[in-house]
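Enquirer: Below is the sequence, then the predicted model.
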Amino acid sequence: MACGALKFGLRQNLSSLLASKHQSSVNKSRLSPPLRSWHASVLKTDYRKVVDPKYNKGTAFTHKERQILNIIGLYPSCHRTEKEQLFAVYTNFKAHKTNLGRYIYLRALRARQERLYYSFIIDRIEDVMPIIYTPTVGIVCQNFSHIYHTSMGLYVSKYDKGHMTHVLNNWPETDIRAVCVTDGERILGLGDLGANGMGISVGKLDLYTALGRIPPQYLLPVVLDVGTNNQQLLCDPMYIGVREERCKGEEYDELVNEFMQSVVKAFGVQTLIHFEDFATPNAFRFIKKYQSEYCYINDDIQGTASCGLAGFLAAEHITKKPLNEHVIMFAGAGSAALGVGNLLVKELLSRKIKEEDAVKNIYFIDVDGIVTKGRKKFVIPDIKRFAKDLPPEKNLEKLVEDLKPSILLGATGQGGIFTEKILRSMGKNHKHPAILACSNPTNKAECTAEQAYNFTEGRALYASGSPFPPVVINGKRLTPSQANNAFSFPGVALGVLCTKPHTITDDVFLVTAHAIAEYAREFAPNENALYPPVKEAANVAFHVGVAVAKYVISCGAATIYPIPKDITKHVKDYQYYTDLGTALPSVWPYPELARLPLPDRDEEMECAD
Ligand SMILES: NC(=O)c1ccc[n+]([C@@H]2O[C@H](COP(=O)([O-])OP(=O)(O)OC[C@H]3O[C@@H](n4cnc5c(N)ncnc54)[C@H](O)[C@@H]3O)[C@@H](O)[C@H]2O)c1
Ligand SMILES: O=C(O)C[C@H](O)C(=O)O
Ligand SMILES: [Mg+2]
């Protein structure tokens, strides 16, 4: 009933929006026949350009443009402005009742009309981010082979060993400036999804454009397909990837190495190479191996680190208690948690706090319990600095009760492990306990927003990796924040692409953390919010982009000449605008329309004869 009314409302709005224009455009089209004899050779190629998603304007082609491009009849006779098109897209988007249906609809739009697609996600980021990104992208990856209909990115497989450069050069765009690659081994908290991980590379790069406003033609999503150990996929006749067990050891490392070298050969040394959702031991190994040789980031470690630290800086600001006086507990000791922990120590060291004091109040708990000095084996050697002289203990509830953390960050991929007892204990011991349930997608969150607020009488400073709706407690509406690296990587990429450093240091992520926290404090102040709202995410990315660009330039790592005097303007000028009217001449998609003088009315009638 409500849904029907909504639909009716939308339709009514749309029709009144279109009514007057539509009428005049129909009348005009009757008066102006096609320009049959006009520049026939140009016209032949135009149709291919018109259906190229990069150029296609669909019903936004004016009648005059349709005449010149000889495409009258290929679209219905109405003319829609971009605003009207966006409205129509929104109506269609809402008409799909499942999130997977909405995703598929948006992919089809992207394959038809790229600018309209990006305009839409920019315009409706709060509605669309949960579809093209977590949580829906998780379902997308789980079903990717079944919904596959177009490549969406480049698949480089183990069979391409020895000629990966050639494969990369097969991508139709030549000016590639950033590559997001996954080998699909740890997709969100969903495990090994093999080549189905393409959805993640695509989703991350979509946010480069939607939030960082980085032109999409510079971006290349990649799956490095080295096989999968997911038995369900190996048995699935529709699986799109290499149907073999994962390569490992030397063979795997050689493939990754060849991939890195091939990117540089194909696209240049300053190509940003973004690693996403690699399994944790590999992720840490590759940072060590590639960080000082390539323009390289690992988002799950470094992007998450800056986002996590930004949340901690906000907690410090809200609780008015210095970070080193907080007791900070990490549940999980993988890419995400350890990344945040290491950057937190870097932050504390920068405040002239000694290493032993910096790590004193930071506890790590993994699947085997609290990380202690007595451990025989450390899965990731970096974790050793946090090991404590304590007896082994596996019970998280007991650890929280005994150690009384004021900040608790979960990145375990284990939904619901922050139990009522844990949350009540946090609420009992602290006025404003910070609780970050970072695991994705939604069903992997360590606790929901509702649980965190309910069991702390609404006092928790809560944030989660995937979005949760607002909660009403005692008549007060509490809006949870999203603690997701989407607040960092689009801005980092923007700052990096604008300044072209050869390598990216950890300091860039410290700068990023401060830029996010600063944005939250100064431009989106909200009493108890650890992060700015998602609707501000593009502004956050710009703020981060400018901060990163300034930092890269200030430390002499930029390789652009001349060094811009106005860095903010320099970053802004780099960005992508979907409004064709304001597009730069170099990206104006219909040079014919600019080159050929539009015929005046008499000439037009003459040509038509
Ligand atoms: N919000 C974000 O921006 C963001 C960023 C990166 C990762 N993540 C999410 O974080 C999760 C973990 O990612 P990762 O790359 O660190 O994975 P990972 O596999 O490297 O780490 C998981 C860690 O959790 C530990 N663990 C498992 N069960 C546990 C339990 N019951 N109690 C305590 N510890 C337990 C494991 O021992 C391991 O240390 C995933 O769900 C991922 O989607 C979120
Ligand atoms: O993809 C996300 O939403 C965040 C993060 O990179 C993850 O792996 O969970
Ligand atoms: Mg990730």
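Expert: Sure, I can see it. Predicted, not measured: the structure shown is a model, and the values here were computed from it. Ligands and ions are numbered 1, 2, ... in the order given.
Enquirer: What's the mean pLDDT across the strand or helix carrying Lys94?
Expert: Counting by DSSP states H and E, the element that carries Lys94 is helix 82-95. The pLDDT scores in helix 82-95 average 95.
Enquirer: For the longest strand seen in the chain, what is the distance to the chain centroid?
Expert: Across the chain, the strand with the greatest residue count (assigned by DSSP state E) is strand 219-225. Its chain's C-alpha centre and that of strand 219-225 lie 14 Å apart, by C-alpha atoms, centre = their mean, to the nearest Å.
Enquirer: Who are the packing partners of it?
Expert: strand 154-157, strand 178-182, helix 198-210, helix 249-267 (3 or more C-beta pairs under 8 Å, 6 or more residues apart in numbering; DSSP states H and E). All C-beta atoms are positioned from the backbone trio N, CA, C, and that covers glycine.
Enquirer: can you list the weak-confidence ranges in this protein?
Expert: Within the chain, the stretches with pLDDT under 70 are 1-49, 579-609.
Enquirer: The longest strand of the chain pairs with which strands, parallel or anti?
Expert: Sheet pairing here is set by DSSP bridges, and for strand 219-225 it gives strand 154-157 (parallel), strand 178-182 (parallel).
Enquirer: I'd like to know which of those is closest to ligand 2.
Expert: strand 178-182 (9.5 Å; C-beta to the nearest ligand atom).
Enquirer: outside of that closest one, which residues touch it?
Expert: Residues outside strand 178-182 that contact it (C-beta atoms under 8 Å, 6 or more residues apart in numbering) are 197-198, 200-201, 204-205, 208, 214, 218-224, 259, 263, 267, 271-278, 493, 497.
Enquirer: Near ligand 3, list only the ones from those.
Expert: Asp277 (C-beta under 5 Å from the ion).
Enquirer: Just the buried ones from the contacts of strand 178-182?
Expert: Buried members of the contacts of strand 178-182, counted by 16 or more other C-beta atoms under 10 Å: 197-198, 200-201, 204-205, 208, 214, 218-224, 259, 263, 267, 271-278, 493, 497.
Enquirer: How about the stretch 301-450 of the chain: which residue is closest to ligand 2?
Expert: For the stretch 301-450 of the chain, C-beta to the nearest ligand atom, closest residue to ligand 2: Asn440, 3.8 Å.
Enquirer: Counting neighbours, what do you get for that residue?
Expert: 24 (other C-beta atoms under 10 Å).
Enquirer: show me the contacts for the closest residue to Val269 other than its chain neighbours.
Expert: Among residues not flanking Val269 along the chain, His502 sits closest, at 6.4 Å (C-beta to C-beta, 6 or more residues apart in numbering). Neighbouring residues of His502 by C-beta under 8 Å, 6+ apart: 269-270, 295, 557, 559.
Enquirer: what's around whatever residue of the stretch 501-609 of the chain ends up closest to ligand 2, how many residues?
Expert: Proximity of the stretch 501-609 of the chain to ligand 2 (C-beta to the nearest ligand atom) peaks at Val534, 12.1 Å away. Val534 has 19 neighbours, counted by other C-beta under 10 Å.
Enquirer: What parts of this protein come near ligand 1?
Expert: Those residues of the chain that sit near ligand 1, judged by C-beta under 6 Å from any ligand atom, are 186, 188-189, 280, 300, 304, 307, 331-337, 365-367, 396, 411-414, 417, 438-440, 444, 465, 483-485.
Enquirer: What is the burial count for Ile72?
Expert: 17.
Enquirer: Ile318 now?
Expert: Neighbours of Ile318 (other C-beta under 10 Å): 18.
Enquirer: would you list every one of the helices in the stretch 301-450 of the chain?
Expert: Assigned by DSSP state H, counting those that start in this stretch, the stretch 301-450 of the chain shows helices spanning 304-319, 335-350, 355-360, 396-403, 420-429, 449-454.
Enquirer: Turn those into a markdown table, including distance to Trp171.
Expert: Compiled in a markdown table, these are given as follows (distance: least, C-beta to C-beta, whole Å):
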| stretch | distance to Trp171 |
| --- | --- |
| helix 304-319 | 28 |
| helix 335-350 | 28 |
| helix 355-360 | 44 |
| helix 396-403 | 46 |
| helix 420-429 | 48 |
| helix 449-454 | 41 |
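Enquirer: So for Tyr239, which of those sits nearest?
Expert: helix 335-350 (25.6 Å; C-beta to C-beta).
Enquirer: How many residues are close by the residue in the stretch 201-350 of the chain positioned nearest to ligand 1?
Expert: When scored by C-beta to the nearest ligand atom, the stretch 201-350 of the chain has Gly334 as its residue closest to ligand 1, at 2.0 Å. Using other C-beta under 10 Å, Gly334 has 24 neighbouring residues.
Enquirer: How about the residues of this protein by ligand 3?
Expert: 277, 300.
Enquirer: Got the domain ranges for the chain?
Expert: Per automatic domain parsing, the structural domains of the chain span 2-79+587-608, 139-278, 302-484, 487-586.
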